[in-house]
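Q: For reference, the sequence and a predicted model appear below.
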Number of protein chains: 2
Amino acid sequence: MSSILYLLGLGPGDPDLLTIRAAKILAKVDVVAYPQKLGNASLALEIAGPHLPQKLEKMPIALPMKTNRQPAKDAYDKAAKNLGKLLDEGKSIAYLCEGDPFFYGSAMYLFSRLAAKYPVEIIPGISSLNAAGAAIGRPLVSRDEILKILPATLDDKILLQELKNTDAAAIVKVGRHFGRVKKIIEQAGHGPGAKIVEYATHSQQSVRMVSEIEEEKLPYFSIILCYRGQEIWPERDICP
Amino acid sequence: MSSILYLLGLGPGDPDLLTIRAAKILAKVDVVAYPQKLGNASLALEIAGPHLPQKLEKMPIALPMKTNRQPAKDAYDKAAKNLGKLLDEGKSIAYLCEGDPFFYGSAMYLFSRLAAKYPVEIIPGISSLNAAGAAIGRPLVSRDEILKILPATLDDKILLQELKNTDAAAIVKVGRHFGRVKKIIEQAGHGPGAKIVEYATHSQQSVRMVSEIEEEKLPYFSIILCYRGQEIWPERDICP
């Protein structure tokens, strides 16, 4: 293979939800790179694990956990420089991305630093959104309805207004915002149809009604699905 | 295998974008069922083709092309009855779904008729949304931004208002609505960043600036991506 960087979507967690294309690329690249928060195991590496040849060169990319942007920018500058060196040597690299690389993914920060100078290919992956719909056993959205993807980090006022004006919504990045978001969902009239999926397709996957959860914080890998649209279907009773 | 119905996401078109899980299921089921519009070839069957064992039992499900709902309801009633018979005989069935089964997918109409009585499993697939982002080489959405999925069939007023209030949007079901939608995109201030992907990941895939298209109608498999958010990145020059 010649010099190329793949920003490679791994899907939501189950290694069998990689695409055939992703698995083929992992079988032939020279280097696999992946994000790794300081002191943590890499979830991306864990998902890709069953598909990696044993002797593949591995390059963890250390990312700071602070919300301050400067340390993250510095880390991506450094990572882009290191990846650039490998590309200059003619190596092919797969950068592992949980879910889909371009759906709220951090892969964009490498893309923005490298795509003008090197061949970069995006391999789409199944996003947590589609995995969550499958887990709940209820369509995300139907026919002529709007589906809004809303980060839980939005201001209360915006979140409330956007939720009020839609039949279907997915709230991402829930984590420590759960308590606040739950109140807004109820205010917007979405309480009865709101379900939360934690760790979609992972072994510890859980599906619960939002209304039945008392905690204030949930795992970062949580997604809330709201629906109060026109289509009525018998849901399977998979919530406790 | 015992009696089970898989609503199986095939991804956007490239047979290599099937998941490993989908390919494994296709290799072992008793019957493959798929939607087929009267007089047309089945796109779903074409995508799954390379993964199907030669002697697999095939069951096309005829769907009328009218927008009138009653003929479609009758067709799904009939299909559910026929699939139910096979499930009663203990057969395993994969129903082929383009993209993701629960993202504006017609699989919901079989799900609603069969899930209460039979084991039904949803296999998520890569949606045209994620495929289109990869094709354009620009993230769909970043950080704390909202992403709205808007059917082109919405009323002008609603479409305009929702587009005005968002940094990122995907307009689906474009087809014959293109001319009208183009005007609304411009009114909403999304003209400069709007790109359209036709036939994402298929051999005839094309990516164009919305502003440069004069036609009034485009293929049904078209998706428009709008972005005017905070993240600036060098886009690859892949538009003509």
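A: Looks like it came in fine.

Q: Can you spell out the domain ranges of chain A, please?
A: A:4-123, A:128-227 (automatic domain parsing).

Q: Tell me how far the last one lies from the chain's centre.
A: Remark: domain A:128-227 is offset 14 Å from the chain centroid, using CA atoms, centre = their mean, to the nearest Å.

Q: Also the longest one?
A: With CA atoms, centre = their mean as the basis, the distance from the averaged C-alpha position of domain A:4-123 to the chain average is 13 Å.

Q: what's the span of that domain, first residue to last?
A: 13 Å (CA to CA, to the nearest Å).

Q: right, is it up against chain B?
A: Yes - interface with chain B: domain A:4-123 contributes A:9, A:11-12, A:14-21, A:23-24, A:100-105, A:108, A:111-112, A:115-116, A:120, A:122-123 (CB under 8 Å from any CB of the partner chain). (Glycine included, C-beta is placed from N, CA and C.)

Q: how about stretch A:158-167: buried residues?
A: Of the residues in stretch A:158-167, A:159-160, A:162-163, A:166-167 count as buried by neighbour count, 16 or more other CB atoms under 10 Å in any protein chain shown.

Q: correct me, but residue A:215 touches residue A:177?
A: No - using CB atoms under 8 Å, residue A:215 is not in contact with residue A:177, being 11.8 Å away.

Q: which of those two has more neighbours?
A: Shown here are residue A:215 and residue A:177; by other CB atoms under 10 Å in any protein chain shown, residue A:177 has more neighbours (20 against 8).

Q: need the helices for chain A, in chain order.
A: In chain A, the helices defined using DSSP state H lie at A:20-28, A:43-48, A:69-88, A:107-114, A:128-136, A:156-164, A:178-187.

Q: Out of those helices, indicate the one that is most buried.
A: Of all the helices of chain A, helix A:128-136 carries the top mean neighbour count, a mean of 27, counting by mean count of other CB atoms under 10 Å in any protein chain shown.

Q: Need the residues that contact that helix.
A: A:11-13, A:17, A:99, A:103, A:139-140, A:149, A:170, A:172, A:195, A:197, A:200-201, A:205, A:207, A:221, A:223, A:225, A:235, A:238, B:9, B:100-103, B:122-127 (CB atoms under 8 Å, 6 or more residues apart in numbering or on different chains).

Q: Show the residue spans covered by the strands in chain A.
A: A:4-9, A:31-37, A:57-63, A:92-97, A:120-123, A:147-151, A:168-172, A:195-198, A:206-209, A:222-227 (DSSP state E).

Q: now the first one against strand A:92-97, angle please.
A: Put plainly, it is strand A:4-9. Per axes from the mean of the first three to the mean of the last three CA atoms, to 10 degrees, the angle that strand A:4-9 makes with strand A:92-97 is 20 degrees.

Q: what's strand A:4-9 packed up against?
A: helix A:20-28, helix A:69-88, strand A:92-97, helix A:107-114, strand A:120-123 (3 or more CB pairs under 8 Å, 6 or more residues apart in numbering or on different chains; DSSP states H and E).

Q: strand partners of it, parallel vs antiparallel please.
A: Applying DSSP bridges, strand A:4-9 is found paired with strand A:92-97 (parallel), strand A:120-123 (parallel).

Q: where does chain A dip in pLDDT?
A: By pLDDT under 70, the weakly predicted segments of chain A are A:1, A:65-68, A:230-240.

Q: For residue A:17, which non-adjacent residue is closest in space?
A: Distances taken as CB to CB, 6 or more residues apart in numbering or on different chains put residue A:11 closest to residue A:17, at 3.7 Å, once the chain neighbours are dropped.

Q: With mean neighbour count and distance to residue B:78 as extra columns, can I get the strands paired with strand A:4-9 in a markdown table?
A: Output for the strands paired with strand A:4-9, formatted as a markdown table (neighbours: other CB atoms under 10 Å in any protein chain shown; distance: least, CB to CB, whole Å):
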| stretch | mean neighbour count | distance to residue B:78 |
| --- | --- | --- |
| strand A:92-97 | 26 | 42 |
| strand A:120-123 | 22 | 39 |
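
Q: and the ones you listed as JSON lines, adding distance to residue A:36?
A: What follows is the strands paired with strand A:4-9, written out as JSON lines (distance: least, CB to CB, whole Å):
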{"stretch": "strand A:92-97", "distance to residue A:36": "10"}
{"stretch": "strand A:120-123", "distance to residue A:36": "20"}
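
Q: Of the ones you listed, give the one that comes closest to residue B:48.
A: strand A:120-123 (19.8 Å; CB to CB).

Q: Tell me which of the helices of chain A approaches residue B:190 most closely.
A: Comparing the helices of chain A by CB to CB, helix A:156-164 comes nearest, at 17.2 Å.

Q: Is that closest one positioned near chain B?
A: Yes - using CB under 8 Å from any CB, helix A:156-164 reaches chain B at A:158, A:162.

Q: Residue B:229: which of the strands of chain A is closest?
A: strand A:147-151 (12.1 Å).

Q: neighbouring contacts of that closest one?
A: For strand A:147-151, using CB under 8 Å, 6+ apart, the contacting residues are A:104, A:129, A:140-141, A:159, A:162-163, A:166, A:168-173, B:141, B:143-149.

Q: what is the most centrally placed residue in chain A paired to in the beta sheet?
A: Compute the mean C-alpha point of chain A, and by CA atoms, centre = their mean the closest residue is residue A:99, 4.3 Å away. Note on residue A:99: beta-bridge partners by DSSP bridges are residue A:11.

Q: From what I see, it and residue A:123 are in contact.
A: No - Residue A:99 is not in contact with residue A:123 according to CB under 8 Å; the separation is 11.9 Å.

Q: Quick check: phi and psi on the residue in chain A sticking out farthest from the centre?
A: Centroid-distance maximum for chain A: residue A:89 at 31.0 Å, with CA atoms, centre = their mean. Here the main-chain torsion angles of residue A:89 (degrees, to the nearest 10) amount to phi -80, psi 0.

Q: Not counting sequence-adjacent ones, nearest residue to it?
A: Per CB to CB, 6+ apart, closest to residue A:89 is residue A:3, 7.8 Å.

Q: tell me the contacts of that neighbour?
A: With CB under 8 Å, 6+ apart, residue A:3 has these contacts: A:87-92, A:118-119.

Q: hmm, which two among those residues are most spread apart?
A: Comparing all pairs in the contacts of residue A:3 by CB to CB, the longest separation belongs to A:89 and A:119, at 14.2 Å.

Q: for the strands paired with strand A:4-9, which one sits closest to residue A:72?
A: Per CB to CB, nearest to residue A:72 of the strands paired with strand A:4-9: strand A:92-97, 15.8 Å.

Q: tell me the angle of the closest one relative to strand A:31-37?
A: Strand A:92-97 runs at 30 degrees relative to strand A:31-37, counting by the same axes, to 10 degrees.
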